[in-house]
Every structure is written in C-alpha cells, then in structure tokens.
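> sharing a sequence plus its predicted fold:
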Amino acid sequence: MDYGEFVGEVVTTWLVEPESRDRLMRLEADFVYRDPQGREWLAPKGRTVNGASIPSFLWGPVFGSPYMGNFRRASVVHDIAEEDRECSSRDVHRMFFYAMRCDDTEPWLASVIYAAVRVFGEKWDAPQDVAMQQTQDNVTAFLEMIHSPEFTGKNAPDELDNLLEGFMGRRLGR
C-alpha cells in the first residue's frame with residue numbers, strides 16, 4: 001500500500017523554556033507530508049512542535065520518547081494539524097497513522113499509537129467528542145484492549161475504528 005511521502009527534512013531548533021520541559025522545537029524550514037490521497041499537510045517554518053502527539057503513558061522503554069523512533073516526522077505534521085484544526089480530529093489522527101507507516105513504523109506500533117491518539121488524544125469535532133482521561137482505570141483498560149485478540153492483527157485505521165468507538169463508548173458510558 002502507498003502511505004504517501006514526506007517532502008523536505010525536519011529542521012529544528014530546540015527552545016529551552018520551563019513550561020516545555022525542553023521538548024519545544026521551532027521549525028526552521030517548511031516540512032510536508034503528502035498523504036495517499038495527495039493532500040498536503042504542511043508544517044511551516046517558524047511553527048513550534050513538542051512531540052506530544054503520543055500519550056505520555058506509552059513513553060518509555062518500548063516506545064521511547066516523543067523524539068525517538070520512526071514516528072518522529074509523523075508527529076511533527078500531526079502536532080501542527082492538531083493545533084490548526086482545519087480538518088476533523090478523526091482525519092488528523094488518521095493522517096498520523098498513514099504518516100507513521102510512510103516513515104516505516106512497524107504496523108503493530110502504528111496501530112497502538114493510532115489507537116492511543118484516537119482514544120486519549122484531542123477531539124474537536126462535536127461537543128460530545130471528548131478525549132478520554134488518562135486515569136489509572138482507563139489506561140489499564142486500554143492496555144488490556146490492545147493486548148486482546150480483537151485488537152491483535154488490526155493494522156489499518158478502518159479495522160481499528162469500530163473497535164475503538166466501542167471501547168470509548170463503554171468507558172464513557174455512551
């Protein structure tokens with residue numbers, strides 16, 4: 001499958017500010033991800049990113065930090081798209097999945113990260129769409145769900161969305 005392509009390189013300057021915990025970076029050149037449908041997702045020069053697309057409970061020995069792994073370039077365009085909100089949150093998170101796969105992120109890892117972003121990430125489409133809180137119970141239930149037979153082997157957003165909608169509905173009492 002064609003997952004799109006990146007245009008340019010991520011060129012940044014670290015910004016040292018107390019509130020960013022040294023994660024904030026300013027883009028020094030335009031960077032683009034062109035998705036499989038040909039839509040261009042621009043991360044323009046001068047904007048800042050913090051790599052926080054991935055919920056922090058996934059950081060650590062398996063997934064690394066926000067600036068490690070094959071999902072780094074994908075997180076840059078995702079950060080900007082989340083901030084700009086020119087498309088639906090579902091489309092922005094789906095773009096993140098395809099950009100991760102374009103960057104050779106393993107299918108299982110892209111699926112887990114996509115699921116975490118869809119469940120715990122920002123949503124701005126409708127008042128009833130809310131990000132699930134990262135409570136101990138919700139995180140535990142999420143980790144159980146991604147290790148379930150229903151989740152295993154699902155390596156595309158279309159396959160995951162119904163499962164994730166059901167999970168969020170049950171956890172949020174919808």
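Sure, I can see it.

> where does the protein have low pLDDT?
For the chain, the stretches with pLDDT under 70 are 18-22, 61-66, 127-128, 174.

> which residues of it fall in helices?
Taking DSSP state H to define them, one finds helices in the chain at 72-84, 89-102, 107-120, 136-146, 157-172.

> now those helices in JSON lines, with mean neighbour count and distance to L58?
For every residue, glycine as well, the C-beta is placed using N, CA and C. As requested, the helices of the chain are exported to JSON lines (neighbours: other CB atoms under 10 Å; distance: least, CB to CB, whole Å):
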{"stretch": "helix 72-84", "mean neighbour count": "22", "distance to L58": "12"}
{"stretch": "helix 89-102", "mean neighbour count": "23", "distance to L58": "13"}
{"stretch": "helix 107-120", "mean neighbour count": "22", "distance to L58": "6"}
{"stretch": "helix 136-146", "mean neighbour count": "15", "distance to L58": "9"}
{"stretch": "helix 157-172", "mean neighbour count": "16", "distance to L58": "15"}
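
> would you list those in CSV and tack on distance to A126?
As requested, these are exported to CSV (distance: least, CB to CB, whole Å):
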stretch, distance to A126
helix 72-84, 16
helix 89-102, 10
helix 107-120, 15
helix 136-146, 20
helix 157-172, 13
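
> so which of the ones you listed comes closest to Y3?
Nearest to Y3, of all these, is helix 89-102, at 3.9 Å by CB to CB.

> what helices and strands are in contact with that closest one?
Packing partners of helix 89-102 (3 or more CB pairs under 8 Å, 6 or more residues apart in numbering; DSSP states H and E): strand 5-7, strand 31-34, helix 72-84, helix 107-120, helix 157-172.

> ok, and what's touching that helix?
For helix 89-102, the external contacting residues (CB atoms under 8 Å, 6 or more residues apart in numbering) are 1, 3-6, 33, 35-36, 39, 41, 53, 70-71, 73-75, 77-78, 81-82, 85, 87, 107, 109-111, 113-114, 117-118, 121-125, 129, 157, 161.

> chain center to that helix: distance?
Distance, stretch centre to chain centre, for helix 89-102: 7 Å (CA atoms, centre = their mean, to the nearest Å).

> using CSV, write out every CA atom in it.
The C-alpha trace of helix 89-102 is given here as CSV (Å, rounded to 0.1, in the frame of the first residue of the first chain):
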residue,chain,number,x,y,z
SER,A,89,-9.8,15.2,14.6
ARG,A,90,-10.5,11.8,13.0
ASP,A,91,-8.9,12.9,9.7
VAL,A,92,-5.9,14.4,11.5
HIS,A,93,-5.3,11.2,13.6
ARG,A,94,-5.8,9.0,10.5
MET,A,95,-3.2,11.1,8.7
PHE,A,96,-0.8,10.5,11.7
PHE,A,97,-1.3,6.7,11.2
TYR,A,98,-0.5,6.9,7.5
ALA,A,99,2.5,9.2,8.1
MET,A,100,3.8,6.8,10.7
ARG,A,101,3.5,3.9,8.2
CYS,A,102,5.1,6.1,5.5
